[in-house]
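Asks: following is a predicted model, sequence given first.
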Amino acid sequence: MSMKTQRSALLALGLGAGILATAICPSLADGIDEPFRAGYQEALNGKNVVFIPVAQAVDLAQGWFATMKKELEPLGVSVTVRDPNFNSSAGAQAIENLINEKPAVIVVQNPDVQTYAKLLQRAEQAGIFVIQLNMRTSYNSTAFVGVDWVEMGEKLTKSVVKACEGKSGKIAILQGALSAAASAYTLKGIENVLAKNKQISVVSNQAADWDASKAKAITQTVLKQHPDLCGIIGFWDGQDIGTAAAIKEAGMTGKVFLITSGGSEQKGACDMVKSDAYDMYISYNVPDQGRDVSAMIKWLLQSGIKVGTAKGSIYTTLNTVTKANVDGACWTLGK
């Protein structure tokens, strides 16, 4: 076959394929409907999600709730809150009521590891997905989104150990509520690091119950008893506002290394780092957590899985904030 004949044959083959493709596929100008979009929308539209925080007045809860509403409500999902306002009995009653009301999902921030555990199990037995947020109970529900508190304790303590090099080695620990997961598991992480650093001595280990005034009173006493204290490990920024105030009043800002953690809200975190109230801050970004919870809800509602047949955790990436990287490290409600 000559080159001319070959070219003619290939051209005819190409024209034939083009005619066949045109017959099979619609014009590109007509568009093609995405085949899975309608199912996604139908699975979410009209569903109810209820959030039970420890207290809605706290910036953590406000940030999570705002993010869930932003992510889910445009899809037709109703997102509401039942606020126990630091009253675990009220929170338990809210869960009892929801078991009867049967929303699609309950998102709960637990006050401790036991109070809600059996209730959350009952909720899932009733066909309600339960996502535990940042503080979990002893019951392992469908999903957990939040901090690996053992990792948090290790990060906090390694920073204090470094800050205390060449100093007294005396440190104080200010826990939150003793029965909360964020206290018990963080303390385990602290113990893991201290076991390898015998030069560090804990001169005070007390619970401030997430209360800034209690944290301030405890710190005032510790500083009087141990004026050579080199560091304090705080468990939450909302509490450690009081810790920082006691250090400042004693004229020891910059002398006593204070590290704390939180959801990185601008006023409670970055502004405090900028003012030297906190020497270092371990951040679990609340908007990121809110998006993780929302993504989990979207997946669960369209997955078709039976409640209780899947279990999983999404542990939040922890970031260290200092004066060197404080700009842009925090969020503000409404932005």
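Replies: Great, that's in hand.
Asks: which SSE is immediately downstream of the lowest-mean-pLDDT helix or strand in the chain?
Replies: Lowest by mean pLDDT, DSSP states H and E among the helices and strands of the chain is helix 3-24, with a mean of 46. Remark: after helix 3-24, the chain's next helix or strand is helix 37-44, criterion DSSP states H and E.
Asks: what residues sit buried inside that following helix?
Replies: Of all the residues in helix 37-44, those buried under the rule 16 or more other Cβ atoms under 10 Å are A43, L44. For every residue, glycine as well, the C-beta is placed using N, CA and C.
Asks: need the next SSE after it, C-terminal direction.
Replies: strand 48-52.
Asks: distance from the chain centre to that following strand, please.
Replies: 16 Å (Cα atoms, centre = their mean, to the nearest Å).
Asks: just checking, what packs against the helix or strand that that strand is followed by?
Replies: The first helix or strand that comes after strand 48-52 along the chain, using DSSP H and E, is helix 59-72. For helix 59-72, the packing partners by 3 or more Cβ pairs under 8 Å, 6 or more residues apart in numbering; DSSP states H and E come out as strand 48-52, strand 78-81, helix 286-303.
Asks: which SS class is N197?
Replies: coil (DSSP: H, G, I helix; E, B strand; the rest coil).
Asks: quick one, phi/psi of it?
Replies: Dihedral pair for N197: phi -130, psi 80, per degrees, to the nearest 10.
Asks: ok now do Q62, which residues does it touch?
Replies: Q56, L333 (Cβ atoms under 8 Å, 6 or more residues apart in numbering).
Asks: what's the spacing between A143 and N87?
Replies: 25 Å (Cβ to Cβ, to the nearest Å).
Asks: and if you look at E124?
Replies: The value you get for E124 to N87, if Cβ to Cβ is used, is 23 Å.
Asks: more neighbours: those two, which one.
Replies: Set side by side, E124 and N87 show more neighbours around E124, with 17 against 14, by other Cβ atoms under 10 Å.
Asks: which stretch of helix or strand covers that one?
Replies: helix 117-125.
Asks: could you give the average pLDDT over that helix?
Replies: The average of the pLDDT scores along helix 117-125 is 98.
Asks: could you say what helices and strands it packs with?
Replies: Helix 117-125 packs on helix 88-101, strand 105-108, strand 129-133, going by 3+ Cβ pairs under 8 Å, 6+ apart.
Asks: tabulate these in JSON lines, adding columns for distance to G153, mean neighbour count and mean pLDDT.
Replies: JSON lines is the format used below for these (distance: least, Cβ to Cβ, whole Å; neighbours: other Cβ atoms under 10 Å; pLDDT from 0 to 100):
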{"stretch": "helix 88-101", "distance to G153": "24", "mean neighbour count": "16", "mean pLDDT": "98"}
{"stretch": "strand 105-108", "distance to G153": "23", "mean neighbour count": "27", "mean pLDDT": "98"}
{"stretch": "strand 129-133", "distance to G153": "19", "mean neighbour count": "25", "mean pLDDT": "98"}
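Asks: out of these, which is closest to V307?
Replies: Nearest to V307 among the helices and strands packed on helix 117-125 is strand 129-133; the distance by Cβ to Cβ comes to 5.6 Å.
Asks: and the closest one, how far out from the chain's middle?
Replies: On Cα atoms, centre = their mean, the centre of strand 129-133 falls 12 Å from the chain's centre.
Asks: what angle do strand 48-52 and it make with each other?
Replies: 30 degrees (axes from the mean of the first three to the mean of the last three Cα atoms, to 10 degrees).
Asks: mean confidence score for the helix or strand containing A215?
Replies: In this assignment (DSSP H and E), A215 forms part of helix 212-225. Mean pLDDT, helix 212-225: 98.
Asks: mind saving the C-alpha coords of that helix as CSV?
Replies: Below are the C-alpha coordinates for helix 212-225, written out as CSV (Å, rounded to 0.1, in the frame of the first residue of the first chain):
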residue,chain,number,x,y,z
ALA,A,212,-9.5,31.2,85.7
SER,A,213,-10.0,32.5,89.2
LYS,A,214,-9.1,29.1,90.7
ALA,A,215,-6.0,28.9,88.5
LYS,A,216,-5.0,32.4,89.6
ALA,A,217,-5.3,31.5,93.3
ILE,A,218,-3.4,28.3,93.0
THR,A,219,-0.6,30.0,91.0
GLN,A,220,-0.3,32.8,93.6
THR,A,221,0.2,30.3,96.4
VAL,A,222,2.7,28.2,94.4
LEU,A,223,4.8,31.3,93.5
LYS,A,224,5.0,32.3,97.1
GLN,A,225,6.1,28.9,98.2
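Asks: packing partners of that helix?
Replies: Contact analysis of helix 212-225 by 3+ Cβ pairs under 8 Å, 6+ apart lists strand 170-175, strand 201-207, strand 231-234, helix 237-249 as its packing neighbours.
Asks: any chance of those in TSV, with mean pLDDT, distance to W64 and mean neighbour count too?
Replies: Listed next are the helices and strands packed on helix 212-225 as TSV, based on pLDDT from 0 to 100; distance: least, Cβ to Cβ, whole Å; neighbours: other Cβ atoms under 10 Å:
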stretch	mean pLDDT	distance to W64	mean neighbour count
strand 170-175	98	23	25
strand 201-207	98	24	16
strand 231-234	98	21	26
helix 237-249	98	14	23
